[in-house]
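1. Everything below, folded, please.
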Amino acid sequence: MGVIGIDTSNYTTSIAFFNGVDGENCSKLLPVKQGELGLRQSDAVFSHIKGLPELSGRLFSHNRGEKITAIGVSTRPRAVEGSYMPCFLVGYSHAKMLSDLLCVPLVEVSHQQGHVAASLWSAGRMELMDEPHLAWHLSGGTTELLLVEPEGKNVRCTKIGGTTDISAGQLIDRTGQLLDLPFPAGKHLDALSREAVLKDVFRVKCANMEFSLSGVQNKVQQFHEAHPDPAETAAYALRCVAKAVYLATEQAGKAYPGLPVVFSGGVASNSMLREAVKPLDPIFAQPQFSTDNAMGVAVLAHRVLEETDCHTSLRTGSQ
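-> This next block holds a predicted model:
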């Protein structure tokens, strides 16, 4: 039994195949001009429309002959009322067409739920899908600390902490713009930071698992003016983010004792962040499944389909 997952976020076009054990994800970053910090939604939609056929052709060339039993798709950023972004309509339209053509169920999830599932699957901790746990969603547009609870074969994500203003990804990308790095800047800052020598950090205030990063942007600018070495500026920005995340995670451990914490989202692939939170016994996705991908969407579709098949079998057996 194989399923297809599709995710068309504001950063990446992705399509994945999952058979319950193994899978393959094909992704492509949206093209952003040098010096810019992302795309307008209309441009993102156009890029997804261009990119999905290429990626699906690449994916299906590796998975010909597989029986597809469901299509999964992320239809919105978060599973909360009012969460909407036009770029997800591209993924939905392709998924709906495939679902109708193949006469298989269409499973709709959120982008955030997909991140959680991809993290747990790639970390080999799928049992946590059925247990309460904590999860960070650290990305270009989101820095949220979540209480994750099972909801059928999907998960319910409730925000309990994180940033009160700009996201960690926005701070990182703005730092990248300051250093004239390509967008998204995360992996470039990560590489640069390994050359740094200084250990300066601005201690972000964190209370009740919440913190503000807007002031850090000014601190990064001031630090760069005093220390123009790009490596030092990159490391300074990442240390500030890592310190804030560490403090909020530490506080969450006291508020929700005994719950494991999972890290998802592109920022979660940063090596300095991973090293900083090691004392808190974190669970990390494999780096390629920390960034935007459709694998988590496919994993969720497979789980939902399994639950549906199980219920159908039970009903059939009772007749």
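
2. Name the single longest helix found in the chain.
-> helix 230-255 (DSSP state H).

3. Show me which residues of it are buried.
-> Of the residues in helix 230-255, 230-249, 251-253 count as buried by neighbour count, 16 or more other Cβ atoms under 10 Å. No exception for glycine: its C-beta is placed from N, CA and C like everyone else's.

4. next one: stretch 48-60
-> Here stretch 48-60 shows His48, Gly51, Leu52, Leu55, Ser56, Leu59, Phe60 as buried, counting by 16+ other Cβ under 10 Å.

5. now, among the residues you listed, which is nearest to Asp292?
-> His48 (11.8 Å; Cβ to Cβ).

6. Now the closest one. Nearest residue, chain neighbours left out?
-> Excluding the flanking residues, the one nearest His48 by Cβ to Cβ, 6 or more residues apart in numbering is Val90, at 3.9 Å.

7. Same check on Cys206?
-> Of all residues not flanking Cys206 in the chain, Leu247 sits nearest, at 3.9 Å (Cβ to Cβ, 6+ apart).

8. Let me know whether the one you found touches Phe211 as I believe.
-> Yes. In this structure, Leu247 is within contact of Phe211 by Cβ atoms under 8 Å, at 7.1 Å.

9. Now the common contact residues for the two.
-> By Cβ atoms under 8 Å, 6 or more residues apart in numbering, Leu247 and Phe211 have these common neighbours: Val204.

10. Where do the strands of the stretch 1-150 of the chain begin and end?
-> 2-8, 12-18, 23-29, 68-76, 106-110, 133-138, 143-151 (DSSP state E, counting those that start in this stretch).

11. Would you mind pulling the contact partners of the helix or strand following the last one?
-> For strand 143-151, the following helix or strand on the C-terminal side (DSSP states H and E) is strand 154-163. Outside strand 154-163, the residues that touch it by Cβ under 8 Å, 6+ apart are 78-79, 109-110, 112-113, 116-117, 129, 134-137, 142-150, 208-213, 244, 248, 251-252, 255-256, 300, 303-304.

12. By neighbour count, sort out the buried ones in those.
-> 78-79, 109-110, 112-113, 116-117, 129, 134-137, 142-148, 209-211, 213, 244, 248, 251-252, 256, 300, 303-304.

13. in this structure, which spans are helices?
-> Remark: helices assigned in the chain by DSSP H are 41-62, 88-102, 111-122, 168-178, 186-193, 214-226, 230-255, 271-276, 295-318.

14. what angle separates the first one from strand 23-29?
-> An angle of 150 degrees separates the directions of helix 41-62 and strand 23-29 when computed by axes from the mean of the first three to the mean of the last three Cα atoms, to 10 degrees.
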